[in-house]
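S.K.: here's a sequence, model it:
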Amino acid sequence: MLPKGCALFVILILATDLPFGNSYFSSSTGQLTQQQFESEHTRVKRGFNLWDFFETIFNMGRIVKEQYNDTVVTLNQVYDIVADGFTDVSTKNPPPAMNTTVSPDGSTTTTTERYRISRYEFGRILGRNYRGLKRLLDIEYNDALNQSKYNIRDYQDEVKNAIANYAEFEKDSRT
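M.R.: Predicted structure coming up:
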């Protein structure tokens, strides 16, 4: 049983006698002709254009060069931003720099320079964080090793109980 739309489609194809699917199938004789088969299955060869090959290579080189230049510019910008955030002065509490400006209408505005961390202080913070993370890793690792001993013992007990239950079942089934 065909769906409504499919049946109508099949009727239209049979009524118009259009080639469908295999156009090399002869509807009059019901035979496949060798000439029709070969004409349907010939491969058209594309010509090889040497200019297209070199143009593709040139475009790929241009894209790689642009990508490299973009990466260099981006990394330099990131380096400048990071370097601007540090100061080489390693004072404990640097005094805030005050900038006072007087506008032509007589109002004054005071701004403070943003806090910049010294490289020494930043290295000290990173070292403290590293030591804390290392200590936490050691605690977790030792806890996992300790817990694995108990897990192995529990697993061995479960295997022994399963084998013992199976052995009892075999003993009961023999008698």
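S.K.: quick check, Asp105 in a strand?
M.R.: No - the assignment for Asp105 (DSSP: H, G, I helix; E, B strand; the rest coil) gives coil, which keeps it out of a strand.
S.K.: so where is this protein shaky, pLDDT-wise?
M.R.: Along the chain, segments meeting pLDDT under 70 span 1-47, 89-100, 169-175.
S.K.: make it 50
M.R.: The chain contains residues with pLDDT under 50 at 2, 5, 7-8, 12, 15, 17-26.
S.K.: so where do the helices sit in it?
M.R.: 4-16, 34-40, 50-84, 119-174 (DSSP state H).
S.K.: got these as CSV, with distance to Thr111 and mean neighbour count columns?
M.R.: (C-beta placed from N, C-alpha, C; glycine too.) As requested, those are arranged in CSV below (distance: least, Cβ to Cβ, whole Å; neighbours: other Cβ atoms under 10 Å):
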stretch, distance to Thr111, mean neighbour count
helix 4-16, 76, 10
helix 34-40, 81, 11
helix 50-84, 17, 10
helix 119-174, 24, 10
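S.K.: which one of these lies closest to Thr112?
M.R.: With Cβ to Cβ as the measure, helix 50-84 is the member of the helices of the chain nearest Thr112 (16.6 Å).
S.K.: quick check: angle from the closest one to helix 119-174?
M.R.: 110 degrees (axes from the mean of the first three to the mean of the last three Cα atoms, to 10 degrees).
S.K.: circling back to that earlier point, which of the helices of the chain sits closest to Gly106?
M.R.: Among the helices of the chain, helix 50-84 comes nearest to Gly106, with 33.5 Å by Cβ to Cβ.
S.K.: rewinding a little: redo the helices of the chain as a markdown table? Include distance to Thr112.
M.R.: What follows is the helices of the chain, written out as a markdown table (distance: least, Cβ to Cβ, whole Å):
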| stretch | distance to Thr112 |
| --- | --- |
| helix 4-16 | 77 |
| helix 34-40 | 82 |
| helix 50-84 | 17 |
| helix 119-174 | 19 |
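S.K.: which among those helices is found nearest to Ser107?
M.R.: The closest of the helices of the chain to Ser107 is helix 50-84. By Cβ to Cβ, the value is 29.6 Å.
S.K.: out of the helices of the chain, flag the one nearest Thr109.
M.R.: Checking the helices of the chain against Thr109 by Cβ to Cβ gives helix 50-84 as the closest, at 22.9 Å.
S.K.: quick one on the thing from earlier: out of the helices of the chain, which comes closest to Thr108?
M.R.: Closest to Thr108 of the helices of the chain is helix 50-84 (Cβ to Cβ; 27.3 Å).
S.K.: dump stretch 111-124 to PDB, restricted to CA.
M.R.: Taking C-alpha atoms only, stretch 111-124 is exported to PDB below (Å, rounded to 0.1, in the frame of the first residue of the first chain):
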ATOM      1  CA  THR A 111      42.300  61.500  40.600                       C
ATOM      2  CA  THR A 112      44.500  58.900  42.000                       C
ATOM      3  CA  GLU A 113      46.700  56.600  40.000                       C
ATOM      4  CA  ARG A 114      45.600  53.000  40.000                       C
ATOM      5  CA  TYR A 115      47.400  50.500  42.200                       C
ATOM      6  CA  ARG A 116      50.200  48.700  40.500                       C
ATOM      7  CA  ILE A 117      51.700  45.600  42.000                       C
ATOM      8  CA  SER A 118      55.400  45.000  42.100                       C
ATOM      9  CA  ARG A 119      56.900  42.000  40.400                       C
ATOM     10  CA  TYR A 120      58.400  40.800  43.700                       C
ATOM     11  CA  GLU A 121      55.000  40.900  45.400                       C
ATOM     12  CA  PHE A 122      53.300  39.100  42.500                       C
ATOM     13  CA  GLY A 123      56.000  36.400  42.500                       C
ATOM     14  CA  ARG A 124      55.500  36.000  46.300                       C
END
